[in-house]
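Engineer: heads up, no residue letters with this:
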């Protein structure tokens, strides 16, 4: 079993087999670039805050206020976290904060969206239960496929092969 099999725990065996075959053939970057040709252009915490705020306004109008959003180095993307959702009290108001793994600074926008949607869903649902995933799918109908592709992206990062960090045609412009 591949060292990356842990990234796909809980997926059906046929999916895991396909993904591990992709990894073994060293075609992870090729797969990602074919499906998502470009990296997003959300290159700062301020832009991430605006992006997350727009999604919250669209889908979670009655959720508690939004606090901060930031890209942060969070260690291994699967063991530690891709993103985190926390809340703090500001006076009598509960503010929700998002931290997104800085490895997602150079990723396709749909994968970033999947992670932001995941963290925003925690505004209403603390646990990863049926209601949580229903809310994720409400905000992003392709959520489950994007979550799988996000895990494949994590493998690319773990292998030191982020396809969006090297190619000049996919580079970010600051």
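Structural biologist: Arrived safely. Just so it is clear, the structure is predicted and the values come from calculations on it, not from any experiment.

Engineer: Tell me the confidence at the residue nearest in space to the middle of the chain?
Structural biologist: The residue lying closest to the centre of the chain (Cα atoms, centre = their mean) is residue 115, at 2.9 Å. The confidence metric pLDDT takes the value 93 at residue 115.

Engineer: cool, residue 71 as well?
Structural biologist: 92.

Engineer: tell me which element it falls in.
Structural biologist: Residue 71 belongs to strand 66-72 when assigned by DSSP states H and E.

Engineer: Give the partner strands of that strand in its sheet and their orientations.
Structural biologist: Note on strand 66-72: by DSSP bridges, its sheet partners are strand 93-101 (parallel).

Engineer: quick one: the following helix or strand past the partner strand to strand 66-72, angle?
Structural biologist: Later in the chain than strand 93-101, the nearest helix or strand by DSSP H and E is helix 109-121. Compare the direction of helix 109-121 with that of strand 66-72 by axes from the mean of the first three to the mean of the last three Cα atoms, to 10 degrees and you get 140 degrees.

Engineer: for helix 109-121, packing partners?
Structural biologist: With contacts defined as 3 or more Cβ pairs under 8 Å, 6 or more residues apart in numbering; DSSP states H and E, helix 109-121 has these neighbours: helix 45-59, strand 83-90, strand 93-101, helix 130-139, helix 143-158. Backbone N, C-alpha and C define where each C-beta goes, glycine included.
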